[in-house]
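Asks: my questions concern the predicted model and sequence given below.
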Amino acid sequence: MVDAVVSYAVQKLGDFLIEEVSLRQSLRENVHWLRNELSFMQAFLKDAEKKQAEDHLVQQWVFEVTSVANEAVAILEAYSLDAAKDGDHAAGFVDRFKACACICQKEAKFHSIGKDIQSLKERVMDISRKRDTYGIIHINNNAGEGSNDPSTLARTLRRAVSYADEDQLFVGFQEVFQRLLDEFLKEESRRNVLSIYGMGGLGKTTLARNLYNSPHVLSSFQIRAWICVSQQYSTPDLLRSIIKSIEGCSEEMLKLLKEMSERDLETHLRNLLQERKYLVVVDDVWHREAWDSLKRAFPDNNNGSRVILTTRKEYVAERVDDKGFSHKLRFLNKEESWNLLCKKLRPENKMVGADLFSPSMESLAKDMVEKCRGLPLAIVVLGGLLSYRKGVDEWQKVKTHLWQHMKNDSVEITHILSLSYNDLSSELKQCFLYLGIFREDEVIDTEKLMYLWLAEGFIPRIREDDMDDIAENFLHELISRSLIQVAGTFFGKILTCKIHDLLRDLAVQKAVEVNLFDIYDPRVNSVTPFRHRHAIHAQTQRYLSLDLSKLKVRSIFFFDNEFMNLDSSKKFMTFCMTFPHLYVLDLENIPFDGNELPDAIGNLVQLKFLGLSNTNVFGLPLSIGKLKRLQTLEALIGDHCSCKLPPQVAQLTSLRHLVARYEVPLQVDRLTNLRTLKYICCDQWKNTDASGLVNLQELGMEKIWKSYSLKSIGNLKSLTTLFLVCQYGELFPPLEPLSSCQNLQRLWLSGEIEELADLNNLPKCITLLVLQSAGLKEDPMPILGKFPNLKNLELSRAYEGKNISCKGNDFGQLEILRLYNLKNLESWHLDGTAMSLIKSLSILECPKLKEIPEQMKHVAVFEEQSSDQTQWGSCRNPRYS
């Protein structure tokens, strides 16, 4: 993670050299030197991070490097801020006179920044000397030596995990075990790979071990072998391990294996397995390349041989075998968690069953096991921790500092969770650690999270790739690596996420080490000077009373639900003057005195993200136009409430995401960088020249009237997602203009459609379609079934007829179908070849539909909340998607 902090500073120094062409030569040389020296230090940072946990001198060195990197960024931003203010003049005589006066001021600023950079240069030279003193060398120079080798340690810890081999602790997996065993033993002659994936500590190895040792498996396979791969692996060593488990470890065999090349080992193992039915467990695979290097040695003899593979990464599990079977391991439910804790507690404490707990101890135990959030590793460690502590008072102490006690009691819990973090790239490490800013148990809006990553500069610009797409890829990768859990989805799109408390604790711990952010602690009533991002979870009033004027704070998040109001413009003015370097200001849920955002917001000229959702701010001041760097403006006040946006918002040409209901029309066509525009009313859009919005990808429009024309929407050539919502009781205007949206993938229409034939005008490229309250009198299926790319379809109060019919090869790509609130629907005819790829069917409030087609009976049928309820009914997060 430290290398990410330094990398960001190196990038900023480089940008500064490019932008400030008028720098004095001496200053330019010092900035260039500082950039090069920090870049050189990056080569040593991975080794330093590895050593700092056990060496306080190295830990101090890492701290000094991050401090210098952060200070360099703060100095450059301070200079850029002053330069922006100096350049903000009109062309009048008085302003030209002021501009001349600024020449002298600029010289003074050059002198000031020169002194600051020189001071940093001296600090860096001192840090370089300390690097040699502390013995920090390249990580590759000593990797793999001795007992501290990460790979060796990982394998040792996997063997040490207390519940891995204990059958009596095999709680919560019985049903999964039987399902996987049936899959494992089914009559299929080809060599099959069964992949088990999920977060570290979920019990993947436990489940694989139980399958491996099952009596049914023991009697079915002639040869069995088990290897643990881990992050640092050697293919020859893995091949040797399998061969030794088959042929034994005689001195002659060990000598022979030691002399063999990787190619020879591969051939030898393949010959051993040829014509024999075998089972090999490949445990803890981190990279698909590890499997690729081994699989050639596993012949497919068409005799039912099997491989079990465990991994934390979804994309590894799903790509090792195109025809294989992968299973995502779930968290334990409350009952299973409680049973596992009870089984783990030692008998001498008489804690075998819940009935033997005293009421107070049972209450404490249930609170603590709930904090484990269904993670078996955490529950087992908790059980061991409680088993040798006596009485309510001792248990209360454990509960008060639960995670710290668990980490102190069990070395493997920290190490196992840290493995996933250590495997991340520097950019992904920043994005993961950033999740620690949010409160414990917070359900996080993924869209907002990605906007924040962008504003913080965590998302790299890779060639011509759109940074929003890269941010979404980062989100999916963290989910795939089991570091983030999906909390809410809509047709596969991830709306909300959350992070396990143990992983959040890890994120906070690592973030503190590299000064990424500070969570304000009202008990000590202070913040750490070197941490430039502040999260306030409680006692906002006390935080605002601190003297923070000397800190270069970049980001502030208010999560205090009990804060009453920001009581005056004067206080907010002081607040804005104190933090001129802010990139991110999230005021979500903060009430303002007077229902308006004070004019002082215009002082925050560096701001890139401004969050005002669910506040009582019904109007923004004219000064908002000064925020030339603003990328995201979220001002969604609540359901059906509008915010008055001044015309100056149209001057924010860096704006990428505008999420707000607003009254007065804006010249949004001037915002050519706009990617997202949601909750706009059609009256505010009607005079927009959409052809200028060349980057707009997502549009959400409300209060549409039948008399309104959708023609301008057809000019949005980059549009991929469109939400159109009619005024209550209104009909849609003709939909024909939408046929010009040739890149449209997701379409949501909420409102009455007068003519069924109008559906023929929808673009055939769409993959997702929601028809809500359409009031169609004729069956829409014959038309919709011809859409060649349609994968997801929802009909909600969309059809008033009695019958639907899907004929021939209709819906050839459809995977998910939802039928909601079709009150009159009685029958559903489905030809044998229609909907051949369907995976999921959801039916809700279709009371007259007594039976589904025979072909659908193998598909899981869910009765769930309709999308209009999940998307429109939440005031907390009233987003379209």
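Replies: Perfect, thanks for sending it.
Asks: now residue 310: phi and psi?
Replies: phi -110, psi 140 (degrees, to the nearest 10).
Asks: spit out the contact partners of it.
Replies: By CB atoms under 8 Å, 6 or more residues apart in numbering, residue 310 lies in contact with 195, 196, 197, 204, 205, 208, 281, 282, 283, 284, 285. Where C-beta positions appear, they are placed from N, C-alpha and C, glycine not excepted.
Asks: distance of it relative to residue 281?
Replies: 8 Å (CB to CB, to the nearest Å).
Asks: can I see the domain layout of the protein?
Replies: 2-140, 150-328, 334-414, 424-513, 519-630, 767-881 (automatic domain parsing).
Asks: dump these into JSON lines; add distance to residue 715 and mean pLDDT as well.
Replies: Formatted as JSON lines, these follow (distance: least, CB to CB, whole Å; pLDDT from 0 to 100):
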{"stretch": "domain 2-140", "distance to residue 715": "34", "mean pLDDT": "65"}
{"stretch": "domain 150-328", "distance to residue 715": "37", "mean pLDDT": "81"}
{"stretch": "domain 334-414", "distance to residue 715": "48", "mean pLDDT": "74"}
{"stretch": "domain 424-513", "distance to residue 715": "20", "mean pLDDT": "88"}
{"stretch": "domain 519-630", "distance to residue 715": "25", "mean pLDDT": "84"}
{"stretch": "domain 767-881", "distance to residue 715": "21", "mean pLDDT": "83"}
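Asks: so which of those gets nearest residue 695?
Replies: Nearest to residue 695, of all the domains of the chain, is domain 424-513, at 8.2 Å by CB to CB.
Asks: and the helices in the stretch 701-850 of the chain, which stretches?
Replies: 781-784 (DSSP state H, counting those that start in this stretch).
Asks: now the strands for it?
Replies: For the stretch 701-850 of the chain, the strands defined by DSSP state E, counting those that start in this stretch cover 721-726, 746-750, 768-772, 792-796, 803-806, 816-820, 827-830, 840-844.
Asks: any idea which residue sits dead centre in this structure?
Replies: Within the chain, one residue has its C-alpha closest to the average C-alpha position: by CA atoms, centre = their mean, that is residue 475, at 3.6 Å.
Asks: need the contact list for that residue.
Replies: By CB under 8 Å, 6+ apart, the neighbours of residue 475 are 431, 446, 449, 450, 484, 494, 497.
Asks: quick check, nearest of those residues to residue 693?
Replies: Nearest to residue 693, judged by CB to CB, of the contacts of residue 475 is residue 450 at 20.3 Å.
Asks: residue 386 belongs to a helix?
Replies: Yes: counting by DSSP: H, G, I helix; E, B strand; the rest coil, residue 386 is located in a helix.
Asks: give me the number of residues near residue 690?
Replies: 19 (other CB atoms under 10 Å).
Asks: wait, what's in contact with it?
Replies: So, once contact is read as CB under 8 Å, 6+ apart, residue 690 ends up touching 669, 696, 712, 713, 715, 716.
Asks: buried residues in stretch 647-667?
Replies: 648-652, 655-662, 665-666 (16 or more other CB atoms under 10 Å).
Asks: check the offset of it from the chain's centre.
Replies: 27 Å (CA atoms, centre = their mean, to the nearest Å).
Asks: now for residue 267, how many residues are close by?
Replies: Neighbour tally, residue 267, other CB under 10 Å: 15.
Asks: which of the helices or strands spans it?
Replies: helix 262-273 (DSSP states H and E).
Asks: quick one: name whatever helix or strand follows that helix.
Replies: Next along from helix 262-273, by DSSP H and E: strand 278-285.
Asks: outside of the next helix or strand after that following strand, which residues touch it?
Replies: Past strand 278-285, heading to the C-terminal end, the next element that is a helix or strand (DSSP H and E) is helix 288-295. With CB under 8 Å, 6+ apart as the test, helix 288-295 has contacts from 229, 233, 235, 238, 239, 282, 285, 309, 315, 316, 319, 320.
Asks: which one of the residues you listed sits closest to residue 681?
Replies: residue 315 (41.5 Å).
Asks: before we move on, the earlier item: quick one: the residue nearest to the centre of the chain is in a strand?
Replies: No: Residue 475: not assigned to a strand; according to three-state DSSP it is helix.
Asks: look up how far residue 483 lies from it.
Replies: On the measure of CB to CB, residue 475 and residue 483 end up 11 Å apart.
Asks: you'd agree residue 120 is up against residue 70?
Replies: No: assessed by CB atoms under 8 Å, residue 120 is found out of contact with residue 70, at 10.8 Å.
Asks: what's the PyMOL line that selects buried ones from the contacts of residue 690?
Replies: In PyMOL syntax, the buried subset of these is picked out as below (16+ other CB under 10 Å):
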select buried, resi 669+696+712+713+715+716
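Asks: and of the contacts of residue 690, the nearest to residue 537?
Replies: For these, the nearest to residue 537 is residue 696 (35.9 Å; CB to CB).
Asks: which stretches in the stretch 551-700 of the chain count as strands?
Replies: 555-558, 584-586, 609-611, 632-634, 657-659, 676-681, 698-704.
Asks: re the thing from before, can you redo the strands of the stretch 701-850 of the chain as TSV with distance to residue 116 and mean neighbour count?
Replies: Converted to TSV, the strands of the stretch 701-850 of the chain look like this (distance: least, CB to CB, whole Å; neighbours: other CB atoms under 10 Å):
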stretch	distance to residue 116	mean neighbour count
strand 721-726	46	22
strand 746-750	49	23
strand 768-772	53	23
strand 792-796	55	23
strand 803-806	70	18
strand 816-820	57	20
strand 827-830	72	16
strand 840-844	59	17
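Asks: I'd like those as a markdown table, with distance to residue 380 appended.
Replies: Putting these into a markdown table (distance: least, CB to CB, whole Å) gives the following:
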| stretch | distance to residue 380 |
| --- | --- |
| strand 721-726 | 44 |
| strand 746-750 | 43 |
| strand 768-772 | 42 |
| strand 792-796 | 40 |
| strand 803-806 | 50 |
| strand 816-820 | 37 |
| strand 827-830 | 48 |
| strand 840-844 | 34 |
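Asks: need the buried ones from the contacts of residue 475 selected in ChimeraX.
Replies: ChimeraX command restricting the contacts of residue 475 to the buried ones, with burial defined by 16+ other CB under 10 Å:
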select :431,446,449,450,484,494,497
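Asks: which parts of the host helix or strand of residue 255 are buried?
Replies: Assigning secondary structure by DSSP H and E places residue 255 in helix 251-259. Going by neighbour count (16+ other CB under 10 Å), the buried part of helix 251-259 is residue 257.
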